[in-house]
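# requesting a structural model of the entry that follows:
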Amino acid sequence: MLVQIHPKNPDERKIRMVIDCLKKGGVIIYPTDTVYGIGCDIEHPEAIQRICSIKKVNPEKTQLSFLCADLSHLSEYTKPIDTPIYRFLKQYLPGPYTFILEANKKVPKLLRTRKDQVGIRIPNNPISQIILKELGRPVLSTSLPLPEDHAIYADPEEIHEIFEKQVDMVIDGGYGGLIPSTIVDCTVHPPVVLREGAGEIE
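Next up, the predicted model:
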């Protein structure tokens with residue numbers, strides 16, 4: 001199903017359709033402030049497994065991340081964050097960044113690495129933001145390109161043509177970006193940039 005949602009003024013009825021899909025364990029493709037992502041409600045392990053199957057990755061060996069609505073949401077799923085790191089996150093979020101933090105036991109095992117770390121994003125995108133707020137919990141976030149496919153899909157209609165049989169819903173929020181998020185490891189001091197992407201880190 002392809003659902004068109006205005007990128008700046010999301011329609012409430014269509015957002016409810018997305019929320020219903022997620023709560024039923026559906027897999028969606030959605031816009032972020034970087035590239036289009038593929039995701040699901042983190043409380044549905046079978047949906048997470050579906051995404052890993054689509055992406056052809058082993059969740060035990062791959063860093064999976066999730067989207068949070070804000071920093072207070074984030075604190076529910078990470079171990080206590082010291083003040084300097086909190087200020088660092090507050091400086092750059094919401095924005096095109098993925099921060100690696102120490103996970104607490106509330107994070108599903110499929111989303112935790114063997115080091116008990118998790119990637120967290122707070123996107124600066126109206127569609128993503130309203131989905132997260134209405135759902136009331138995080139959404140799994142992984143970029144759309146498949147391991148053997150280095151193309152970045154920006155056209156939602158093309159995305160729908162390619163993936164419509166693998167996912168439950170594709171959200172058309174306009175053309176997506178071409179550069180993925182910058183990944184920063186905050187489990188070490190000082191934090192280390194693991195991947196340079198959209199957004200700059202001083």
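
# so residue 171 bridges to which residues?
Taking DSSP bridges as the rule, residue 171 bridges to residue 3.

# residue contacts, it?
Residue 171 makes contact with 3, 5, 18, 28-31, 127, 156, according to Cβ atoms under 8 Å, 6 or more residues apart in numbering. For glycine as for every other residue, the C-beta is placed from the backbone atoms N, C-alpha and C.

# what's the answer for residue 190, then?
Listed by Cβ under 8 Å, 6+ apart, the contact set of residue 190 is empty.

# rewinding a little: ok, which pair from the contacts of residue 171 is furthest apart?
Greatest spatial distance in the contacts of residue 171: 18 and 156, 13.9 Å, computed using Cβ to Cβ.

# and what about residue 20, helix, strand or coil?
Following DSSP: H, G, I helix; E, B strand; the rest coil, we place residue 20 in the helix state.

# an error on my part: the question was meant for residue 194.
Under three-state DSSP, residue 194 comes out as strand.

# find the nearest non-adjacent residue to it, please.
The spatial neighbour of residue 194 that comes closest, neighbours along the chain excluded (Cβ to Cβ, 6 or more residues apart in numbering), is residue 183 at 4.4 Å.

# could you give the number of residues near residue 152?
16 (other Cβ atoms under 10 Å).

# and it, which of the three is it?
Judged by three-state DSSP, the three-state class of residue 152 is coil.

# and the residue nearest to the spatial centre of the chain, what does it touch?
Central residue of the chain (Cα atoms, centre = their mean): residue 141, 2.3 Å from the mean position. Neighbouring residues of residue 141 by Cβ under 8 Å, 6+ apart: 32, 37, 39, 64-67, 98, 119, 121.

# wait, is it part of a strand?
Yes. Using three-state DSSP, the assignment for residue 141 is a strand.

# who's it bridged to?
residue 65.

# now residue 138: closest residue in space that isn't a chain neighbour?
Excluding the flanking residues, the one nearest residue 138 by Cβ to Cβ, 6+ apart is residue 66, at 4.1 Å.

# what residues does the least confident helix or strand in the chain by mean pLDDT touch?
Here the helix or strand of the chain ranked lowest by mean pLDDT, DSSP states H and E is helix 71-74, holding a mean of 83. Helix 71-74 has contacts (Cβ under 8 Å, 6+ apart) with 68, 86, 89-90, 93, 101, 120, 122, 132, 137-138.

# before we move on, what about stretch 75-86?
Stretch 75-86 is contacted by residues 66, 68, 71, 89, 101-104, 106-107, 118, 120, 138, 186, 191 when judged by Cβ under 8 Å, 6+ apart.

# these two touch, right, residue 63 and residue 100?
Yes. With contact defined as Cβ atoms under 8 Å, residue 63 counts as touching residue 100 (7.2 Å).

# noted, bye for now.
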